[in-house]
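**Q** with the input below, show me the fold.
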Amino acid sequence: MSVITDLIYFENPAIWDNFGGTSSGIGGLVWQMFIWSVIVGLLVVTWLAYNLIFFRHKEGDPEPKDALKAGVFPHERGDVKIELTWTIAPLILVAWLTFLSLAPLNYMWDVPDNEDADVTVNVTAGSWYWGFEYANDYEKPGEFTKCSSNINCLEVPANSVIRFNITSQDVLHAFYLPDMGIKQDAVPGLNTATWVDTSLVSPRDEPYRIYCTEYCGNSHSMMLAEIYVTEVNNA
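**A** Numbers count the residues shown, from 1 in each chain. I've put the predicted structure just below:
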């Protein structure tokens with residue numbers, strides 16, 4: 001019964017407790033994708049095995065009336081009910097999985113306003129570096145000791161919503177934090193934005209890595225930066 005419940009309702013096992021949107025978590029989405037993949041896979045394998053066993057042509061068997069013949073279109077092999085079934089059923093399944101996928105997409109695209117974020121960081125991409133500047137007169141806590149410069153190094157507080165305002169000084173770049181699951185283009189003459197909730201990642205002394213994932217010239221592969229997530233005493 002629990003499997004049926006997981007297939008119908010959104011309250012699925014989740015590795016992110018407060019994912020937002022209409023889904024209880026990315027784990028729930030992956031769980032549903034996995035269950036439906038198993039179900040479809042079993043149906044396909046079962047149908048294939050059935051046809052291999054019951055319609056196998058043995059030596060000496062007469063040719064079936066619907067055997068393929070060169071130059072003859074086998075009209076009698078058609079079945080409207082089967083055609084409708086394998087057209088409509090996958091359509092419903094794809095529509096359902098698309099509907100599930102919209103929840104995390106809406107969650108990630110719903111970038112908080114500058115005023116609603118705990119910290120806003122202005123990110124400037126250049127050849128070949130990342131520049132960071134705290135916005136809204138944010139005062140760096142005393143615990144922030146890991147970055148000696150605002151070039152290629154950023155420190156943000158744990159358990160906070162961080163908004164990134166991103167632009168480029170020269171060519172197209174892409175701001176990518178694989179450990180935090182965010183990626184956003186840095187476009188010259190255009191302001192883009194993304195965000196992350198640092199309560200979903202672990203504070204640590206080692207940095208998380210920032211990459212450029214848009215080819216931007218000779219030193220593209222060296223356009224690396226570090227972001228530290230640090231516990232801050234708000235008392």
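
**Q** so Asn136, which of the three states?
**A** Three-state call for Asn136 (DSSP: H, G, I helix; E, B strand; the rest coil): coil.

**Q** Asn191 contacts Asn165, correct?
**A** Yes - between Asn191 and Asn165 there is a contact at 6.1 Å, judged by C-beta atoms under 8 Å. For glycine as for every other residue, the C-beta is placed from the backbone atoms N, C-alpha and C.

**Q** those two - which one has more neighbours?
**A** Counting neighbours by other C-beta atoms under 10 Å for Asn191 and for Asn165 shows that Asn165 has the greater number, 19 against 10.

**Q** how about that one, secondary structure?
**A** Recorded secondary structure, Asn165: strand (three-state DSSP).

**Q** is it true that it touches Ala125?
**A** No - applying C-beta under 8 Å as the test, Asn165 and Ala125 come out as separate, 11.8 Å apart.

**Q** what pairs with the helix or strand that contains Lys183, parallel or antiparallel?
**A** Assessed by DSSP states H and E, Lys183 sits inside strand 182-186. Paired neighbours of strand 182-186 in the sheet (DSSP bridges): strand 173-177 (antiparallel).

**Q** got the buried residues for the partner strand?
**A** Residues 173-177 are the ones in strand 173-177 that count as buried (16 or more other C-beta atoms under 10 Å).

**Q** contacts for it?
**A** Residues external to strand 173-177 that are found in contact with it (C-beta atoms under 8 Å, 6 or more residues apart in numbering): 123, 125, 130, 164, 166, 182-186, 194, 196, 208-214, 216, 223, 227.

**Q** if you average the pLDDT over it, what comes out?
**A** The average pLDDT for strand 173-177 rounds to 94.

**Q** how much space between the residue in the chain sticking out farthest from the centre and Pro112?
**A** Largest separation from the mean C-alpha position in the chain: Gly60, at 55.2 Å (C-alpha atoms, centre = their mean). Gly60 is 74 Å from Pro112, where distance means C-beta to C-beta, to the nearest Å.

**Q** circling back: filter the contacts of strand 173-177 to the buried ones?
**A** Among the contacts of strand 173-177, those classed as buried by 16+ other C-beta under 10 Å are 123, 125, 130, 164, 166, 182, 184-186, 194, 196, 208, 210-212, 214, 216, 223, 227.

**Q** report the central residue of this protein.
**A** For the chain, the residue sitting closest to the mean C-alpha position, by C-alpha atoms, centre = their mean, is Gly181 at 7.1 Å.

**Q** would you mind giving me the confidence score for it?
**A** We have a pLDDT of 82 for Gly181.

**Q** and the next element down the chain from the strand holding Lys183?
**A** Heading C-terminal from strand 182-186, the first helix or strand you meet, by DSSP H and E, is strand 192-197.

**Q** and the helix or strand that comes right after that following strand, what other elements does it pack with?
**A** Using DSSP H and E, the next helix or strand after strand 192-197 towards the C-terminus is strand 208-212. With contacts defined as 3 or more C-beta pairs under 8 Å, 6 or more residues apart in numbering; DSSP states H and E, strand 208-212 has these neighbours: strand 173-177, strand 225-230.

**Q** and the angle from the shortest one to strand 225-230?
**A** Yep, that's strand 173-177 we're talking about. 30 degrees (axes from the mean of the first three to the mean of the last three C-alpha atoms, to 10 degrees).

**Q** what angle separates strand 173-177 from strand 192-197?
**A** 10 degrees.
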